[in-house]
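> Just to be clear, the model below is a prediction. Sequence and coordinates:
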Amino acid sequence: MNGKQLAAEKAVEWIEDGMVVGLGTGSTAYWAIQAIGRKVAEGLSIRAVATSIPSEELARELNIPLIPWSEITSIDVTIDGADEVDGDYHLVKGGGGALLREKITAYASKCMIVIVDENKLVKQLGAFGLPVEVVPFAWEMTAKHLEKLGCKAIRRSHSDGGVFITDNGNYIMDCHFGSIQDAPELEQKLQHIPGIVEHGLFIGLADRVIIGYEHGTVKVRERSS
Ligand SMILES: O=C(CO)[C@H](O)[C@H](O)COP(=O)(O)O
């Protein structure tokens, strides 16, 4: 098992019968969805919501019962990956472009479990370009406002050059800060720019971080509230 799979297998231990579960997005969340699918096949009774169309499709393939958002008031536990995690449980997310649905899901969750391999742990956020979802209207202007915060903002494309469009019909600007000195302060600044739908800084949302190491061990870190 690689570090991502180890973390995912550990995380599903927190899922109990009757829970509403949030399914994350990405190559680490993939392993968690697989493990949940296995448990459902063995008789675990849960209901789930997904953070992206690919995760929803995977859940369907594995017969994980999905429910509409209109039928729930909160989520018991969400298991999702991250692109960067610092020592204060601040995250950068959105490498897979699903940050808006991921943040809606994390915010609605009683417990957000973040699963990563050791490569995602950082002293300071920002080496990974911060994904910011923006509406297509006047996106060039929104990019200029983003760059005033000290980054280089690049509209995300596919390898064939086509513009990346999110599940919500928006663009992603990857904002290269190099290092983010004060993530909560940057979060506040981002809230004020019109045109931004959501950004990939997750502050105060992660409750537990599970780290899988290549040599086969797993560490669990709990955030004290
Ligand atoms: O935020 C995400 C998708 O929007 C992912 O959780 C993040 O990009 C980590 O992905 P991976 O587990 O593939 O490294």
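Done, it's in.

> host element of the closest residue to residue 221 other than its chain neighbours?
Once flanking residues are discounted, residue 221 sits nearest to residue 209: 4.6 Å by C-beta to C-beta, 6 or more residues apart in numbering. Quick note: C-beta positions are derived from backbone N, CA and C, even for glycine. Assigned by DSSP states H and E, residue 209 belongs to strand 208-212.

> Quickly run through the sheet partners of the helix or strand that that strand is followed by, with directions.
Next helix or strand after strand 208-212 toward the C-terminus (DSSP H and E): strand 218-222. Sheet pairing here is set by DSSP bridges, and for strand 218-222 it gives strand 208-212 (antiparallel).

> So the strand it pairs with, near the ligand or not?
No. Strand 208-212 lies out of reach of the ligand by C-beta under 6 Å from any ligand atom, never closer than 11.0 Å.

> What is the burial count for residue 123?
8 (other C-beta atoms under 10 Å).

> that older thread, give me the contacts around the strand holding residue 209.
1-8, 10-11, 14, 85, 89, 111-118, 120-121, 218-223 (C-beta atoms under 8 Å, 6 or more residues apart in numbering).

> Report the buried residues of the longest helix that the chain contains.
Taking DSSP state H as the criterion, the chain has its longest helix at helix 27-41. Within helix 27-41, the residues that count as buried by 16 or more other C-beta atoms under 10 Å are 28-37, 39-40.

> re the thing from before, then the strand holding residue 209 to CSV, C-alphas only?
Taking C-alpha atoms only, strand 208-212 is exported to CSV below (Å, rounded to 0.1, in the frame of the first residue of the first chain):
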residue,chain,number,x,y,z
ARG,A,208,-8.2,15.5,11.8
VAL,A,209,-5.2,14.9,9.5
ILE,A,210,-4.2,11.4,8.6
ILE,A,211,-0.7,11.0,7.1
GLY,A,212,0.4,7.8,5.3
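
> follow-up on the earlier one: from the contact counts, what lies against the longest helix of the chain?
helix 3-11, strand 20-23, helix 53-61, strand 75-80, strand 109-117 (3 or more C-beta pairs under 8 Å, 6 or more residues apart in numbering; DSSP states H and E).

> so which of the ones you listed gets nearest the ligand?
Of all the helices and strands packed on helix 27-41, strand 75-80 sits nearest to the ligand, with 5.4 Å by C-beta to the nearest ligand atom.

> Next, the angle helix 3-11 makes with the closest one.
170 degrees (axes from the mean of the first three to the mean of the last three C-alpha atoms, to 10 degrees).

> Kindly export strand 75-80 (C-alpha atoms) in CSV.
Taking C-alpha atoms only, strand 75-80 is exported to CSV below (Å, rounded to 0.1, in the frame of the first residue of the first chain):
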residue,chain,number,x,y,z
ILE,A,75,-22.8,15.6,7.2
ASP,A,76,-21.3,13.4,9.9
VAL,A,77,-17.9,12.9,8.4
THR,A,78,-16.1,13.9,5.2
ILE,A,79,-12.9,12.3,4.0
ASP,A,80,-10.9,14.3,1.5
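
> what about residue 216, how many neighbours?
Count around residue 216 with other C-beta under 10 Å applied: 10.

> and what of the one 4 residues further on?
Other residues within reach of residue 220 by the criterion other C-beta under 10 Å amount to 14.

> Which residues are in contact with it?
10, 208-211.
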